[in-house]
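Enquirer: Provided below for reference: sequence and predicted model.
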Amino acid sequence: MTVMRLTIMPGVQDERHEALTGNMSKADSQYVDDALTIEDEYESELAAVQVALTRFEVAPHEYAARRAEIAARAYLKLAEAHKRFLGRNN
């Protein structure tokens, strides 16, 4: 499976980060960075699969399976980021 990475608009993640991390600790800020990166990867992978579906490159049941795999990977990555956050805060 080829994963297409969409280019993020310059400064968008920085703007989201600044809006969310104004008065946070370094551990909190790192957690937000991790979460935003995971979200961007998830959206990029999902968009690639949606494009494949609209081009009839994958069947609907394959799309659903891939979408579930992408979501599961994102949740696992977020859980790992949360564990790292808890470790930094203790």
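Expert: Thanks, I have it. Numbers count the residues shown, from 1 in each chain.
Enquirer: show me where the protein has helices.
Expert: Using DSSP state H, the helices of the chain run over 12-20, 26-54, 60-89.
Enquirer: ranking these by burial, who's on top?
Expert: When neighbours are counted by mean count of other Cβ atoms under 10 Å, the highest per-stretch mean among these falls to helix 26-54, a mean of 16. Heads up, the C-betas are built off the backbone N, CA and C, glycines and all.
Enquirer: that helix packs against which elements?
Expert: For helix 26-54, the elements it packs on are helix 12-20, helix 60-89, judged by 3 or more Cβ pairs under 8 Å, 6 or more residues apart in numbering; DSSP states H and E.
Enquirer: now for the chain, the helix or strand with the poorest mean pLDDT.
Expert: helix 12-20 (a mean of 58; mean pLDDT, DSSP states H and E).
Enquirer: sorry, back to before: weakest of the helices and strands packed on helix 26-54 by average pLDDT?
Expert: Ranked by mean pLDDT, the helices and strands packed on helix 26-54 bottom out at helix 12-20, with a mean of 58.
Enquirer: all good on my end, thank you.
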